[in-house]
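Novice: Next comes the sequence, and after it the predicted model I'd like to discuss.
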Amino acid sequence: MFAVAMFAVLVTMLLLLVRALVGPSVYDRILAINIFGTKTVLFIAVLGFLSGRPEFLDIALVYALINFIGTVAVLKFMEYGDLGWESASDREGDV
Amino acid sequence: MTAQLPALQILLPMLASALCVLLRSPAGAWLCFTLATWASFAVSVLLVLATRSGAILSYEMGGWEPPFGIELRIDALNAFVLLIVSGMAAVMAPFARSSVLAEIEQTRVYLFYALVLLCLTGLLGISITGDAFNLFVFLEISSLSSYAIIAMGPNRRALLAAFQYLIMGTVGGTFILIGIGLMYMLTGTLNMADLAERLPAMADSRTEKAALGFIVVGASIKLALFPLHAWLPNAYAYAPSLVSALLAATATKVAAYVLIRFIYTVFLPERAFDGLMLSELMMALAAIAMIAGSVVAIFQHNVKLLLAWSSIAQIGYIVLGAALVTTAGLAATTLHLLNHAVAKGCLFLALGVIVWKTGGARLSDLAGLGRTLPWVGAAFVIGALSLIGVPFTGGFITKWYLLVAVAEQELWLLAGAVVLSSLLSIIYMGRVIETLYFRAPSQGTTRSEPVPVLMLTSVWLLALLNVAIGSYSEPFAAIARTAAGQLLGGTP
Amino acid sequence: MDVAAYYLSWLLLSAGGLLAVIGGIGTFRMPDLYTRMHAASVTDTGGMLLIMAGLLVQAGLSLVSFKLLLIVFFLLFTSPVATHALARAALHEGHKPRLGPGAGP
Amino acid sequence: MQTFLGLYNFWVVIVLMMIGFYIVIAHDNLVKKIIGLNIFQTAVFILYISAGKIQGGTAPILGEPGAVYSHPLPHVLILTAIVVGVATTALGLALIVRIHEAYGSNEEDDLLVLDRREDSP
Amino acid sequence: MSLLWLPFLPLAGALLVVMAGRLPNLREALSLVTAAVLAALTFSWYPAVTAGETPTVVLFDFLGSAQLAFSLEPLGLLFASVASGLWFVTTLYAAGYMRGNNEAHQTRFFTCFAIAICGAMGVALADNLLTLFLFYELLTLSTYPLVTHKGNAAARRGGRIYLGILLGTSIGLLLPAIVLTWVLTGTMRFEPGGILDGQVSQGMATLLYLMFAFGVGKAALMPFHKWLPAAMVAPTPVSALLHAVAVVKAGVFSILKITVYIFGLDFAAQGDITRPVMWVAAFTLIAASLIALTRDNLKERLAYSTVSQLAYITLGAALATSMSVMGGAMHILMHAFGKITLFFCAGAIYTAAHKTLVSELDGLGRAMPFTFGAFLIASLSIIGLPPLGGSWSKWYLMLGALDAEQAIMMAVFMISSLLNIAYLLPIPARAFLFKPPAGSPIGLREAPLASVVPLCLTATGCFCLFFLPGPLMALLSPWNDS
Amino acid sequence: MRQHTLLRVCTRMLVPLILIFALYVQFHGDYGPGGGFQAGVIFAAGIVLYALVFGVEAARRAVPATWLRILSAGGVLLFAGTGVVSMLAGHNFLDYDALAGDPVAGQHIGIILVEFGVGMTVTGVILSFFYVFAGRGRRD
Amino acid sequence: MKYTASLFANLLLVWLLLSGHYTVLITGLGLLSCALVCWLGLRMGLVDAESQPLRLITRLPLYWLWLTREMARSNLRVVTRIIGGPGAISPSLVSVPVSEKTALYQAIYANSITLTPGTVSVRVQADTIDVHALEDTAAEDLEQGEMHRRILQMKRSSERGAG
Ligand code: NA
Ligand code: NA
């Protein structure tokens, strides 16, 4: 049962990996890697169940967290060229 | 408390490193550094006294499984390396005071000391641990902190040098990690004594050979054995003076220790040297290193670079003795660990004073300083004589033992290489000494203050140590013989 | 009950896996970045929710199910933000979407 | 199945190592060197993972009260090795940032040219 | 008194000199007192050694089972006596010379001088090869600052050649030879009868002998002789030290000692062990003499003369007979007195007339009769004419050649003596017989008393040695077959 | 990214949860895989997220760099100090039996202290690095 | 103070649910941890009505239920489009008006849009949200404002509860 789900997740991850390699734009790659990350979270969770070690859920959660922060950091870096930049009020009126 | 000495050996610098960060004031950090190195030197002296007659100390860290649950295991060789590392640091502590203030930005001094102490922690840890993986961890601790402290060098080239070192060092470390992993796959253990017991029973000798190969290559990179030496000259030349001296005196010694420990204690010499031509290969590389390093040194204009290249040649001596697989050879290598540390330390410290005075280490910066800084010049000469291997200096002692070891095996070509390398060292050191004494001082800006007494103290301690060992080496030689006997006797 | 739970979770996991794979395929079928986001979001919402629901059914009422819920909550919270941030950055950098019916390749 | 996995891992390790090493050697760009280094290290992590697989031994998480803290060994090794790798990468990147500040370039060739120019006058 | 005083008294003297650095008079006085005491101490061992005793002191284990140890045997006592006795005379001379020429760094000069004597005494008393090597190197290093004393480009170049050749040969050949001996025999001690006999093949022994002979660069066998003329840049007292008192004598003494106590005369005489060195020495003997003929610079001519005279001693060792060894040992003494006199004269000439070339000396003899008189006596001694000391040593050397049935070597000695005449005698001849060139300054006089007295003393010494061979023979009785 | 409404709102809600999760991992280290190291990473990650969205300056105001220094050094001191205490009690380094009369309780306290030390150090070091990195582009 | 207490309570709840070890030591550490995080949250300025929407929390489940149904529907729609191929899609970029200016509600709205496959919010402005839709129909659905209406309703009811 879990094996099917795991297999499906793995196939998805593989597809996303190919997309990440193919691109073509940087954003395609970031998108693919971000989704790849969330699939990894699923994978770890299912793997934990499969191997009877639900403690893996903690790891999954951590991974999800890191994945999110990583994506944000990359986007920020892409947009502003560094991570420390604070206020963009003069650049874009979002609110 | 004596039972706790092994743990204290690593803990002292580690705690001091943390304290440095907390104290933050340059003076406080220096004091912390000094006290920690002295204390850890005292500890290593006690350890040497405890192990020199052939006893082996074992210390199990309580309640922890590997890799944190480490066995610290000290025999004559370990204790000797510990003595070298902590002793060098202790001697250099007085020197550090002014040198670091002159070369490191005020606000980062505390960080610098903390990193140096961390590096020492790593080096001492490598030398004391009985666990292969733990050795890797300490290796990386020392490497990472040394990349950082090298990068703190005054010239921007320090950055690139540190980066190149980082790349090479990481590759080397990773090789060692692979080797350890392969051994673990074979035996399921990481304890070196256990490994030594279990490896011979393994049918899969190919994996074992691969593990040996990876570890030897990895350690050779860390050791800067020719032709894997490319990172060393710049790293030593552009680092802050204290770092050049300390690393030249200790880091390569510890890397050599790693090589010897794995070959002799873990893989056991009769198996390690069986089939791969390892011994012959090491001898050949050592011989090339001795000669090529010296030849390149002759053409250097930056004295730090010159000394760094000379280190590559000296590493050749160290490896040569280890490759002979005889008691005499190993004893020579063990002694040379000490003698090269003392000689190079002395030279780099003397140079450090000159850098402090003139701001540079090019030959032209040294012109005429033998007259204006007579004490520094004299110490430099003593260090140089030791490097050449003149009697009554430590260098002579090792050259003697090495030549005897090589001659016993009737390896005349290698003996020739040792002698030739010595002769070449006369040329490159002679150049520097001539510049020191017979060249008119350049018109560059120099500091007007007199050289701080603390700096001179360090320099002269090492200079006198050179002469002392050269005049009476028997206690150290006895330890070296014990260590060699233990390595060859198969007592893991 | 146990049998029911077993089949339910089997169904949920399979459906979730199917959705995930379809979403993955979608990232190849769709013509540009923005439309690929829609496809990817299938794996991130439907696929994720169904698989997690399948696991939840397995776990029953326990600490584990709470942790699973925490993960679901977290993913539902962050993945739209990340996707939005990505789209916003792409548009801001002048990455033009293809518009109009059948905007195929 | 296990030997197959083991073999597969072995080849992946070799290929990854080659690729990583090639990038380290062949590229002038310092960032790419760091990336190559990471690939190189990843190969080792895979090796360790397969080591764990071959051993099949993952120790129990919660042991007897007397031995509370017991790790599945290979995992801790991998984790430690990864930490070391991350630390190395972080330090490498920090160095690159500072090199860029000091030289205005990340290409090793440029840096060497700049150094040589400094030597010549 | 312990034997240890001999090598370490000069070291103590060096320390005293350093401490008295600010007070020149006290400094020189200390130097002289130390030298006198050392000479007296050395002579005081004469009765014991002549009686056949070999006093020995072991300092400590130096390298494993190898010891830092001293012992006094006849050859060593002879060399020690020469070195300590001439140190006194040279110090006397140097005090005048250094002040007269306003040389800089006088304290350094006297300090290094004392350390060099320590080295020489160590070599003389070495109980084993290792001890010999240690002090041999000490001697090299302590004389380097003396050679480069002037600090100018020429001195630097001279120093470079000096150190390069001496360190190069000792580390490159002597040390490996010692190591080889140690590995092959398990001992390094100087033993009567040698230690190699029965332990090594003749081929290996031949190689070893070559390594020792060339490794002792201070013996200046060609082609490792260049350092000696190069060191001529140094002040005259230094030249005296190099050529007469310590340095070159330490070299040939080492060869003698190694031949006698490491190889053993019986073993060395077998087969072709010493043959290659013999030929090299013979070649050096003739070639150096020929070169000396062509040199106009007085000190350079004397330097090549030294190279040639050293080859006498080396040849004596290589002939490996009792007679030749005795001749060689005696020549250490005879040549020392002769050559030191010649250099003192050269220094006196420089101090008084600022002349350095042979061709400039015409007619100077009348202004400086004592100096040139001494020069003549010393030249005759070196040539080997009775009634001067040099005749004894040459006589025994020739007997040795005869003993070894080496007629060619006999011829070499004779030819060389003729060449000696050709390059040495013209100097006093020009000074006394030629007319001074027109326009030369009037009122030239002898150099200061501190210079002239020592050279007269040593010249007298050359003379006395001829009439007092008895004690010498007694000392060298182990080799006195006749 | 202050003007990034979504990120801002999301982050404000998430950060406290991340931090408490980190502390949960920290103090449950002996019951599952993890402990100090992971906790340190997660804690740092929470603050990094805050810094990414609200700027490093804001993060520096909330968590000054001085704290990080104290955190990383204090962590080492705590880690090693715990070991030293056990040494002073006559046991081997890091032998927790010494820390309480009952060995099990001793081990428990020992592990918590040591893991907390590790967590502190990891947080401190990671954040220091982040501050240095993130602050650099703008300073020069 | 109200919000701090709320945050503390929330954190403690999370802790207790995660922990599973209810000893004095661990729970005590939990209390300390919650206090520490609250304090940090205050320093970071994270504790206010926006991050602790006390009333809203009670109304959310109902909205989530509706949203889940919407997600299911849109998932199916996108899946058919993926299977049907790119020929069947008609991407469009529309501006959806927002009458609510509070960041929190804008965020809920924008996130809801993104969570339903077929629509992605690409920009949030003062009174509009730019949306990229996979199909015209999805865009039209959105423009009809059902989602907006429900969010407003949720907000109003929570405000009533407050007042
Ligand atoms: Na190193
Ligand atoms: Na010679």
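Specialist: Nice, thanks for sending it over. Ligands and ions are numbered 1, 2, ... in the order given.
Novice: Who are the contact partners of the closest residue to E:Lys150 other than its chain neighbours?
Specialist: What sits nearest to E:Lys150 in space, not counting adjacent residues and going by C-beta to C-beta, 6 or more residues apart in numbering or on different chains, is E:Val233, at 6.5 Å. Just so you know, the C-beta spots here come from the backbone N, C-alpha and C atoms, and that holds for glycine as well. By C-beta atoms under 8 Å, 6 or more residues apart in numbering or on different chains, the contact list for E:Val233 reads E:147, E:150, E:154-155, E:157-158.
Novice: Kindly report the same for B:Leu324.
Specialist: With contacts defined as C-beta under 8 Å, 6+ apart, B:Leu324 is in contact with B:279, B:283, B:330, B:405-406, B:409, B:411.
Novice: same question, B:Asn302
Specialist: The neighbourhood of B:Asn302, defined by C-beta under 8 Å, 6+ apart, consists of B:237, B:361-363.
Novice: picking up where we left off before, now that we have the contacts of E:Val233, which one has the most neighbours?
Specialist: Counting neighbours by other C-beta atoms under 10 Å in any protein chain shown, E:Val147 leads the contacts of E:Val233 with 29 neighbours.
Novice: Next one: it from chain F, what distance?
Specialist: Taking C-beta to the nearest C-beta, to the nearest Å as the measure, E:Val147 and chain F are separated by 56 Å.
Novice: That residue contacts E:Tyr162, doesn't it?
Specialist: Yes: applying C-beta atoms under 8 Å, one finds E:Val147 in contact with E:Tyr162, separated by 4.9 Å.
Novice: Identify the contacts common to the two.
Specialist: If you check E:Val147 and E:Tyr162 against C-beta under 8 Å, 6+ apart, the residues they both contact are E:Ala231.
Novice: Get me the contact residues on chain B for ligand 1.
Specialist: When proximity is defined by C-beta under 5 Å from the ion, chain B lies next to ligand 1 at B:222, B:251.
Novice: returning to what we had before: of the contacts of B:Leu324, list those near chain E.
Specialist: The subset of the contacts of B:Leu324 lying close to chain E, counting by C-beta under 8 Å from any C-beta of the partner chain, is empty.
Novice: Let me see the ranges of the helices in chain A.
Specialist: With DSSP state H, the ranges of helices along chain A come out as A:2-22, A:26-50, A:56-80.
Novice: Deepest-packed of these, please.
Specialist: Comparing the helices of chain A by mean neighbour count (mean count of other C-beta atoms under 10 Å in any protein chain shown), helix A:26-50 comes out on top with a mean of 23.
Novice: wait, what's in contact with the residue in the stretch 51-200 of chain B positioned nearest to ligand 2?
Specialist: Across the stretch 51-200 of chain B, no residue is closer to ligand 2 than B:Ile84, which sits at 38.7 Å (C-beta to the ion). Under the criterion of C-beta under 8 Å, 6+ apart, the contact partners of B:Ile84 comprise B:249-250, B:253, B:337-338, B:341.
Novice: right, and the helices of chain A - which one's nearest ligand 1?
Specialist: helix A:56-80 (32.6 Å).
Novice: Can you classify E:Lys355 by secondary structure?
Specialist: The three-state label for E:Lys355, taken from DSSP: H, G, I helix; E, B strand; the rest coil, comes out as coil.
Novice: same thing with E:Phe60?
Specialist: Three-state secondary structure (criterion: three-state DSSP) places E:Phe60 in strand.
Novice: gap between it and E:Gln67?
Specialist: Distance of E:Phe60 to E:Gln67, given as C-beta to C-beta, to the nearest Å: 7 Å.
Novice: out of these two, which sits in the more crowded spot?
Specialist: Neighbours were counted for E:Phe60 and for E:Gln67 using other C-beta under 10 Å; E:Gln67 has more, 18 against 10.
Novice: Would you confirm that B:Ala287 contacts B:Leu320?
Specialist: Yes: with contact defined as C-beta under 8 Å, B:Ala287 and B:Leu320 form a contacting pair (7.0 Å).
Novice: Mutual contacts of those two, please.
Specialist: Here B:Ala287 and B:Leu320 have B:Leu414 as joint contacts, going by C-beta under 8 Å, 6+ apart.
Novice: For chain A, what's the nearest residue on chain C?
Specialist: C:Gly17 (2.8 Å; C-beta to the nearest C-beta).
Novice: B:Ala287 and B:Leu320 - which one has more neighbours?
Specialist: B:Leu320 (29 against 23).
Novice: tell me the angle of the helix or strand bottoming out on mean pLDDT in chain A relative to helix A:26-50?
Specialist: Within chain A, no helix or strand scores below helix A:56-80, which has a mean of 85 by mean pLDDT, DSSP states H and E. With axes from the mean of the first three to the mean of the last three C-alpha atoms, to 10 degrees defining the directions, helix A:56-80 sits at 170 degrees from helix A:26-50.
Novice: Show the backbone phi and psi for the residue of the stretch 51-200 of chain B closest to ligand 2.
Specialist: B:Ile84 has phi and psi values of phi -60, psi -50 when expressed as degrees, to the nearest 10.
Novice: quick one: average pLDDT of stretch E:292-299?
Specialist: Averaging pLDDT along stretch E:292-299 yields 86.
Novice: buried residues in that stretch?
Specialist: Residues E:292, E:295, E:298-299 are the ones in stretch E:292-299 that count as buried (16 or more other C-beta atoms under 10 Å in any protein chain shown).
Novice: Looking at the residues you listed, which is nearest chain D?
Specialist: Proximity of these to chain D, judged by C-beta to the nearest C-beta, is greatest for E:Lys299, which lies at 44.2 Å.
Novice: wait, is the closest one part of a strand?
Specialist: No: assessed by three-state DSSP, E:Lys299 does not belong to a strand; its assignment is helix.
Novice: So the longest helix seen in chain C, near chain D or not?
Specialist: The longest helix of chain C (DSSP H) is helix C:63-92. No: judged by C-beta under 8 Å from any C-beta, helix C:63-92 stays clear of chain D, getting no closer than 14.2 Å.
Novice: Return the distance of that helix from the chain's centre.
Specialist: Distance of helix C:63-92 from the chain centroid (C-alpha atoms, centre = their mean, to the nearest Å) equals 10 Å.
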